[in-house]
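Trainee: need a structure here:
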Amino acid sequence: MTAAPGNPWLDAARFGARRQLPSLARESAPAEATTPLGAGLDRQVAAVWAQQMQWPGGSAVAADELVLCGSGREALGLALGGLLIPGDTVLVARPAAVDALATVLGRGARYVDVGRLHDGAVDAAAAARAAGRHPDAVAWMEAPGLLAEDDAPAWAGVAVRARIADLRHAGWPTALPEADAVLLALRDPDAPGTPVLWAVAARGGAAGLLGAIGGAGDLPAGTLSRSAAVLRGWAVDPGWVAAVLRHCAERARLLSDLALVHP
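Mentor: Below is the predicted model of the structure:
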């Protein structure tokens, strides 16, 4: 097996160790049976959702570059579990998602905290030093202010083996950051605090590999129908998502205030 250039998911030198990981079986358990009417709805949702996003450089996201997930934890398990092997190092800037740190440790890897500045931004100098000590590390990029660009710039010039961007709390990202995998959540503008659906976006055949490792997603037809309705509404009236963006801006201000009070 040969590695695709720039694709850490297909690293032949690590393939044998990755096979020893516990199975990354999907956690999705539909609350209702998928009916014939729902057949193919997952592919439709992925296609419409992908159309709303672009990779860095302006290239479109393809439907087969999205792996739909039934929960944020499932998305975490596929992205981190499919990439890490025991003994790996993940560079993070705390505070970071607790579930992500738990998943890193659960895969036999470890994390190194590079810290944040008083305003909540990643300490880019510390990130570069940590990457110099751990050149084969994976960078975990957060959106703590619920804005997709928060952490990505600090990691842009850091040489690491792979980057994972957690945009599960970001508001309707359309331009994805430079990363090997991006965790996403679809939010209903009428209830932005509760995600409707999750996904992992990955380039270079990685999404197909994740789908093969994790198995087929078995999502409830009701969830997919609601997701399709949200995406159709967004496509018809992009201004419909203003509620989500306002919600994220309010949370961003709150987190910024907390960072100043508790440096």
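
Trainee: buried set for stretch 201-210?
Mentor: 201-204, 206-207, 209-210 (16 or more other Cβ atoms under 10 Å). To be clear about C-beta, it is placed using only N, CA and C from the backbone, and glycine gets the same treatment.

Trainee: Pick out the most distant pair among those.
Mentor: Across those, the longest distance by Cβ to Cβ is 13.4 Å; it joins 201 and 209.

Trainee: coming back round to it: sort out for me which of the buried residues of stretch 201-210 are in strands.
Mentor: Using DSSP state E, the members of these that fall in strands are 201-202.

Trainee: Quick check: end-to-end length of stretch 69-89?
Mentor: Taking Cα to Cα, to the nearest Å, the first and last residues of stretch 69-89 lie 25 Å apart.

Trainee: try stretch 81-96
Mentor: Per Cα to Cα, stretch 81-96 runs 18 Å from first to last residue.

Trainee: cool, and stretch 44-62?
Mentor: Across stretch 44-62, first to last residue, Cα to Cα, it's 12 Å.

Trainee: Average pLDDT for that stretch, rounded please.
Mentor: The average of the pLDDT scores along stretch 44-62 is 89.

Trainee: now the strands for the stretch 1-150 of the chain?
Mentor: 66-69, 89-92, 110-113, 138-141 (DSSP state E, counting those that start in this stretch).

Trainee: Redo the ones you listed as CSV? Include distance to residue 233.
Mentor: As requested, those are exported to CSV (distance: least, Cβ to Cβ, whole Å):
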stretch, distance to residue 233
strand 66-69, 18
strand 89-92, 35
strand 110-113, 38
strand 138-141, 29
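
Trainee: Just the pLDDT at residue 168, thanks.
Mentor: 87.

Trainee: Please apply the same query to residue 200.
Mentor: With respect to pLDDT, residue 200 scores 92.

Trainee: Quick check, it in contact with residue 66.
Mentor: Yes. Counting by Cβ atoms under 8 Å, residue 66 is a contact partner of residue 200 at 7.4 Å.

Trainee: Taking the centroid of the protein, which residue is nearest it?
Mentor: residue 183 (1.2 Å; Cα atoms, centre = their mean).

Trainee: Which elements pack onto the strand or helix carrying that one?
Mentor: Assigned by DSSP states H and E, residue 183 falls within strand 181-188. Judged by 3 or more Cβ pairs under 8 Å, 6 or more residues apart in numbering; DSSP states H and E, strand 181-188 is in contact with helix 72-83, strand 162-167, strand 191-202, helix 221-236.

Trainee: Show residues contacting it.
Mentor: 49, 72, 75-76, 79, 83, 162-173, 176, 194-202, 206, 210, 226-227, 230-231, 244 (Cβ atoms under 8 Å, 6 or more residues apart in numbering).

Trainee: Helix, strand, or coil at residue 173?
Mentor: coil (DSSP: H, G, I helix; E, B strand; the rest coil).
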